[in-house]
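K.L.:
Sequence below, structure please.
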Amino acid sequence: MSNLITTASPLTNPSILPLRSIREIVANRAVVVAPHPDDETLGCGGAIALLRSLGVDVRVLVISDGTLSHPNSQKFPAAALQALRFGETLIAMSVLGVDANDVTFLGLPDGSIPIPGSAEITSAVAACRLYLAQIAPQIIFLPWRYDPHPDHRATWNLIYTACRQLSLSSRLIEYPIWDWDEEQRGNLPQQQKVKSWRLDINTVVELKQQAIAAYRSQTTDLIDDDPEGFRLTPEMLSNFTRPWEVYLELKG
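P.N.:
Down below sits the predicted model:
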């Protein structure tokens, strides 16, 4: 029997979280890190649009190639699916005000983003370290460290490790994706003191919705020849089209 004491996730009742303005987190340079092509828009699309409207230099780093969303498609084998998903990201970012030159695709294998102890972890961390060293962002948006999806947790670890190795003092702001699914959501270890808040994105929520719609491979029947293919449900999408986004930061 585990002695670990847990506390409820802040997503259990997000509407009571403090509502903040983008001006409370504005910085000169920000990096948004996505485990898969679309996570940056789902989790941070409003923040991206608002920061760009204020002239902030926003860069986007997509970690995986996204090729496991439809692994059995004959119309879109891996190379074609990767090209499609990367193209969708560029369209979405254009909607939100991010230039294509400011989007970087690391291209690590979907479903196998390296974790500590794996043979590929050193090179993956090095790639993230090089990227971050060149930009030196004041803020890094990255996936929530306890996200139920292993690729999201692995992505958090890559970025966190790279930051530590660089001794970067960037503010780390984490965003939830799969914790919005009540069946997957977990509680928090009580010793983790988390500051949770909402960002007011009311003025750009329609832009965010347009950017999400750019991901046709994930939201429509565009790829119709894989019965096991992934598709975001309307219920899941409703968590990302509210007039606010939820973010989490570790205290202390």
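
K.L.:
give me the low-pLDDT residue ranges for this protein?
P.N.:
Across the chain, the ranges flagged by pLDDT under 70 are 1-6, 190-191, 252.

K.L.:
neighbouring contacts of the lengthiest helix in it?
P.N.:
Scanning the chain for the helix with the most residues, using DSSP state H, yields helix 78-96. Outside helix 78-96, the residues within contact range by CB atoms under 8 Å, 6 or more residues apart in numbering are 34, 36-38, 40-41, 45, 48-49, 52, 60, 62, 65-67, 69-70, 73, 76, 99-100, 102-103, 105, 107, 207-208, 210-212, 214-218, 223. Backbone N, C-alpha and C define where each C-beta goes, glycine included.

K.L.:
Just the buried ones out of these, please.
P.N.:
Taking 16 or more other CB atoms under 10 Å as the criterion, what is buried in the contacts of helix 78-96 is 34, 36-38, 40-41, 45, 48-49, 52, 60, 62, 65-67, 69-70, 73, 76, 102-103, 105, 207-208, 210-212, 214-215, 217-218, 223.

K.L.:
Break down the stretch 1-150 of the chain into its strands, ranges please.
P.N.:
Remark: strands assigned in the stretch 1-150 of the chain by DSSP state E, counting those that start in this stretch are 6-7, 19-20, 29-34, 57-64, 103-108, 139-143.

K.L.:
out of the ones you listed, nearest to residue 127?
P.N.:
Among the strands of the stretch 1-150 of the chain, strand 103-108 comes nearest to residue 127, with 6.0 Å by CB to CB.

K.L.:
Other residues contacting the closest one?
P.N.:
37, 59-65, 82, 86, 89-90, 93, 114, 120, 124, 127-128, 131.

K.L.:
For PyMOL, write a command that selects the buried ones of those.
P.N.:
Of the contacts of strand 103-108, the buried ones can be selected in PyMOL as follows, counting by 16+ other CB under 10 Å:
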select buried, resi 37+59+60+61+62+63+64+65+82+86+89+90+93+114+124+127+128+131
